Structures are given as C-alpha cells and as structure tokens.
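Chemist: okay, predicted coordinates and the sequence, questions at the end:
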Amino acid sequence: MPLDRSGVVPGRVRLRAVRIPSRNPHRPPLVGLTGGPGQAGVPFASTYEFLLPTAGRDLVLLDQRGTGASGLLRCPSLERDITTGIQTAVGRCGRRLGARRSFYTSADSADDIEALRVRLGVPQIALYAVSYGTRVAVEYARRYPQRVERMILDSAIGPDAPDPLGRDTLEAVGRVVTTVCRIGCGGADEHPVSDLARLVPRLRRAPIRRVVRRGSRRTTVRVGADDLLGLLVSSDQDPELMRRIPPAVRAALGHNNGPLVRLKLSLVGLDQPGDRISEFSPAVYVATTCEESTLAWDPAASTRTRRLQARAALAGMPTSAFAPFDRTAGLNFGLLPLCGAWPARERVVAPPPPLPTSVATLVLAGDLDLRTPLENARRLARALAGRVVVEHGVGHQVLGADFNGCGAPAIEAFLAKRPLPTCRRDATIGVSSGSARARVRSAAVLLGDAVADRANRLRR
C-alpha cells in the first residue's frame, strides 16, 4: 500500500494478512480487527478459529499498518520501561517519525481493508472487532457501507471517544462501582461511591507511601488519587479484584492503608512493558491516538500552551463530570500526558462520512467496563441502528469472560443470521467453563488484555 494515498509523502507499506479457510464457506469472509491501536493481528489468528465451525465463513486476520509484519513502526523511546518523562519520550518519537507519523490513522487502515477485500476477490466482508479495532471497523463502514455484510463490535469505542479529558471513563466510575457492589464488596456495599469521593482529595493532598520488601529488595509503593483510578480501570477485567477495592478504600478512610498497598503491589507486574514489539507497537499506539483524536487544546500550540488550554477547558466543566474523582484526574488520565508534547499535526484530514445505519451491527458490552464504558456502546449502537447485548458482571472484552453465556451465543447467532438468544440478567462472578468458552477466553486474553493495560500505562 502507499504510505500516503495522496502521493505527497513517499513510501509504501507491505501488508501481511492470513486467510483461514472454513470447511463450508457460504457467507462473506470474517475479518478480525484487534485492539490497541498498535496490536498486530496475524500472531493471534488461531485464537479466532472457534468461530469457524458455525460461521460458514473464511477467517481473515490482518497486521494493520505499522504493526507486526506490516511495516512495523518503532520508537525506541517508548519501548523501554517509562516511569517518568512520558511527554519527553512521546515528543522524541514524533520527531523521529517525521512526516510518516500522520499516516497511521483509522481512516488509513480502513482504506487498507478495502484493498484487502479487493485482493480477496469478494463483494462483501463481515467484521469482528475488539476495543480499538471497533473504531477501524466503524471507519470502514463509514467509507464502504455497501461492502460490509455485517459487523460485530466488542467493547466498542463510542462515536465521540476517547474523550481528551477522560470523562467517558470518569463518568462511568460511580455506576460501575455501584454495580459491582450489588454483587458484594466485603462489607463496603452501602456507600462505595461516597467513600471514593472522600478518599480522593485526601490522596491528592498526601499520597500513601510505604516501603515494602519484595524478595531481597526494598521498594517504595505509592498510592495516590490517580493510582486509585488506575486500580479501578485495571480491575475492569477482573471483577473479583474490583470487589476488593471498595473495602480497601473504606479501610484507608480509617487510616489502615495496608489493603490499598497490597492491591497496588498485586498489579506491579503490569508496570513493566512485557509486550513483544512484534505483537504491539507503542509507536503506532501514540501516532494513531495523537493524530486522530479530538483534543481539548490546539495541536499547533506549544506544550505549555496546550496544558493551559486543557486546564481552561477543565475549569469550565462541572465537578460532577469527574465525580467521584476530580478535575486533576481528567488532566492526568486524559490525553494530555500522552499527546501534550506530540508534534503539531501536518496533515489535513477531511471530515469522515456519516455513520451508516444500513449495516447490520451487533454491539457487545460489559456493564463493568471502564475502558470503553457501556454508555459509549449504547450511543454507538443508537447511531448505527444496531443491537446491543450487555453482559452483566463483566468488564472490558465481553468474550474475555462471558460468564453468563451471552456473548459467544449472540455472535454465533448473528453471524448465522438467526434471532439472538435471550441474555441472562442475573450477573455472577466466576470462571467460564467448557471447551468453547475456554477458546473464547484464550482469544480475548491475547487480543486485548495486555494491550489495554499497556495503553493505560502510556496514558498515565
């Protein structure tokens, strides 16, 4: 593919895709789109094979441009453990990429998918997308609606997301914590949201610091208000972990900080890069996010001015938009830490076509999802005139848990053009069982958990 389809910036990208044939293909092939942005697709092709027996479709996986074997985009400044100086590392990455940085957007990937469809020699394709992949799927449907037979969006990004000040996540915290505590939060069920609202300003003034021993080493564990938010977001794929946070908050209000410190320690492993560069490109994650996201500042302004503009935008918003957290959480958890020092945009992109309402669409959402909240899924489904299946007691990536057996049966029925089964509403928290569910779990773990956590670390 040309790097720049207008021809102004030279260069080409060689795209890698794999096609897994079905035994009896009689419907358009299913193209799987992974998360990130920045995650490759081909390394995880086998994890999608659970769809083949019932879908009657060939399965196609693609390394989107800049990932895997499709012209892997690299920035060494982002590929090491970054504990401080994220803006410096991001700014250095943008300057290193130069003019190339503008051509890794969802629109560019959508045009690549159309070229792939032509190469496959089929009049239509179906799309199955997870997390960020849902943005690419929707962008393709905007541009080529007549080429989409149907699409499935698991943990969908909303039509106006991500919010540059993190409000989509922050506004969902109260609902999600209340929901998980209906299942039980170890004695902290009654006022979990007001407990958070009381603890956040205390942690903002004086973060918890404790020296602990890990093996032969001593390390200082810090738990501030933003760390508490990070704990909540990181736990949205582990409801049992999420249920432990409100009791830890209640304990901290009583000056017992041990439970919060232990929770932070349980996630320390997530603070290490860990991801193989062949499977996840931080450079693509940053380039895509900073080039195509709506920002709360002028991307042509200086870094200092951008911060002032973001603060001014925050000051004009009600505190309820961030409760039970605060405006500082919007500043620190939004896009400013990631994109505040990204070089000025050089590419002028035309507004996207309107969202199509003619494409059969199924949206899967977990009611405990804080990364792509349920509110986003419902807004997107309304805009697309699609159906929503809500998995209760589940967070980000419905197929990653599917405890109540809603996601996988809905997908199978939707792909086969059968009526959707009724989804159980009595949420439970446990472990899915059965070989089919195990394959689903394997697929979802590989296709998003690590990427979502890595993305949250970069944002923070």
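Modeler: Everything's here; your move. Predicted model only: the values in this text are computed from it and were never measured.
Chemist: quick one: the helices in the stretch 151-300 of the chain?
Modeler: Remark: helices assigned in the stretch 151-300 of the chain by DSSP state H, counting those that start in this stretch are 167-183, 192-205, 225-234, 239-253, 258-266, 282-292.
Chemist: looking at the ones you listed, which is buried most?
Modeler: helix 282-292 (a mean of 26; mean count of other Cβ atoms under 10 Å). (C-beta placed from N, C-alpha, C; glycine too.)
Chemist: what packs against it?
Modeler: If you count contacts as 3 or more Cβ pairs under 8 Å, 6 or more residues apart in numbering; DSSP states H and E, helix 282-292 packs onto helix 86-97, helix 106-120, helix 336-339, helix 450-459.
Chemist: tell me the first helix or strand C-terminal of that helix.
Modeler: Using DSSP states H and E, the next helix or strand after helix 282-292 towards the C-terminus is helix 303-315.
Chemist: mind putting the helices and strands packed on helix 282-292 in TSV, mean pLDDT, mean neighbour count and distance to Ala161 included?
Modeler: Converted to TSV, the helices and strands packed on helix 282-292 look like this (pLDDT from 0 to 100; neighbours: other Cβ atoms under 10 Å; distance: least, Cβ to Cβ, whole Å):
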stretch	mean pLDDT	mean neighbour count	distance to Ala161
helix 86-97	94	19	20
helix 106-120	97	19	12
helix 336-339	94	22	15
helix 450-459	44	21	13
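Chemist: reformat the ones you listed as CSV; add distance to Val390.
Modeler: Shown next, in CSV, are those (distance: least, Cβ to Cβ, whole Å):
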stretch, distance to Val390
helix 86-97, 34
helix 106-120, 25
helix 336-339, 30
helix 450-459, 19
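Chemist: right, so of the helices of the stretch 151-300 of the chain, which gets closest to Phe103?
Modeler: Counting by Cβ to Cβ, Phe103 lies closest to helix 282-292 out of those; the figure is 8.5 Å.
Chemist: which stretch among the helices of the stretch 151-300 of the chain comes nearest Asn24?
Modeler: Distance to Asn24, taken as Cβ to Cβ, is lowest for helix 282-292 among those, at 36.0 Å.
Chemist: average pLDDT for that closest one?
Modeler: Computed over helix 282-292, the mean pLDDT rounds to 97.
Chemist: quick one: the helices in the stretch 351-460 of the chain?
Modeler: Secondary structure of the stretch 351-460 of the chain, counting by DSSP H, counting those that start in this stretch: helices at 374-384, 407-415, 435-444, 450-459.
Chemist: tell me which element the closest residue to Ala45 other than its chain neighbours falls in.
Modeler: The shortest distance from Ala45 to any non-neighbouring residue, by Cβ to Cβ, 6 or more residues apart in numbering, is to Leu61 (4.2 Å). In the assignment (DSSP H and E), Leu61 maps to strand 59-63.
Chemist: show me where the stretch 1-150 of the chain has its helices.
Modeler: Counting by DSSP H, counting those that start in this stretch, the helices of the stretch 1-150 of the chain are 52-55, 86-97, 106-120, 133-143.
Chemist: turn those helices into JSON lines, columns for distance to Arg27.
Modeler: Output for the helices of the stretch 1-150 of the chain, formatted as JSON lines (distance: least, Cβ to Cβ, whole Å):
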{"stretch": "helix 52-55", "distance to Arg27": "7"}
{"stretch": "helix 86-97", "distance to Arg27": "40"}
{"stretch": "helix 106-120", "distance to Arg27": "13"}
{"stretch": "helix 133-143", "distance to Arg27": "17"}
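Chemist: any regions of the stretch 151-300 of the chain where pLDDT drops low?
Modeler: The stretch 151-300 of the chain contains residues with pLDDT under 70 at 268-275.
Chemist: before we move on, the earlier item: quick one: strands adjacent to the strand holding Leu61?
Modeler: With DSSP bridges as the test, strand 59-63 is paired with strand 16-20 (antiparallel), strand 30-33 (parallel).
Chemist: can you tell me which of the helices of the stretch 351-460 of the chain has the worst average pLDDT?
Modeler: Ranked by mean pLDDT, the helices of the stretch 351-460 of the chain bottom out at helix 435-444, with a mean of 35.
Chemist: returning to what we had before: export the helices of the stretch 151-300 of the chain to TSV and append columns for distance to Leu33.
Modeler: What follows is the helices of the stretch 151-300 of the chain, written out as TSV (distance: least, Cβ to Cβ, whole Å):
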stretch	distance to Leu33
helix 167-183	21
helix 192-205	34
helix 225-234	22
helix 239-253	26
helix 258-266	31
helix 282-292	13
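Chemist: which one, of these, ends up nearest to Val90?
Modeler: Going by Cβ to Cβ, the one of the helices of the stretch 151-300 of the chain nearest Val90 is helix 282-292, 5.5 Å.
Chemist: return the closest one as CSV; C-alpha atoms alone will do.
Modeler: What follows is helix 282-292, C-alpha atoms only, in CSV (Å, rounded to 0.1, in the frame of the first residue of the first chain):
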residue,chain,number,x,y,z
PRO,A,282,3.8,1.6,21.1
ALA,A,283,4.7,4.0,18.2
VAL,A,284,1.5,3.1,16.4
TYR,A,285,-0.5,3.5,19.6
VAL,A,286,0.8,7.0,20.2
ALA,A,287,0.8,8.1,16.5
THR,A,288,-2.8,6.9,15.9
THR,A,289,-4.1,8.3,19.2
CYS,A,290,-2.4,11.7,18.9
GLU,A,291,-3.1,12.2,15.2
GLU,A,292,-6.8,11.4,15.0
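Chemist: what angle sits between that helix and helix 86-97?
Modeler: With axes from the mean of the first three to the mean of the last three Cα atoms, to 10 degrees defining the directions, helix 282-292 sits at 90 degrees from helix 86-97.
Chemist: how much does helix 282-292 deviate in direction from helix 106-120?
Modeler: For helix 282-292 against helix 106-120, the angle between stretch directions is 110 degrees (the same axes, to 10 degrees).
Chemist: Asp238: how many residues sit nearby?
Modeler: Number of residues near Asp238 (other Cβ atoms under 10 Å) recorded here: 17.
Chemist: ok, Glu375 next?
Modeler: Glu375 has 16 nearby residues by other Cβ under 10 Å.
Chemist: likewise for Gly38?
Modeler: Neighbour count of Gly38, defined by other Cβ under 10 Å: 31.
Chemist: got the contact list for it?
Modeler: By Cβ atoms under 8 Å, 6 or more residues apart in numbering, the residues touching Gly38 are 66-67, 280-285, 288, 451, 455.
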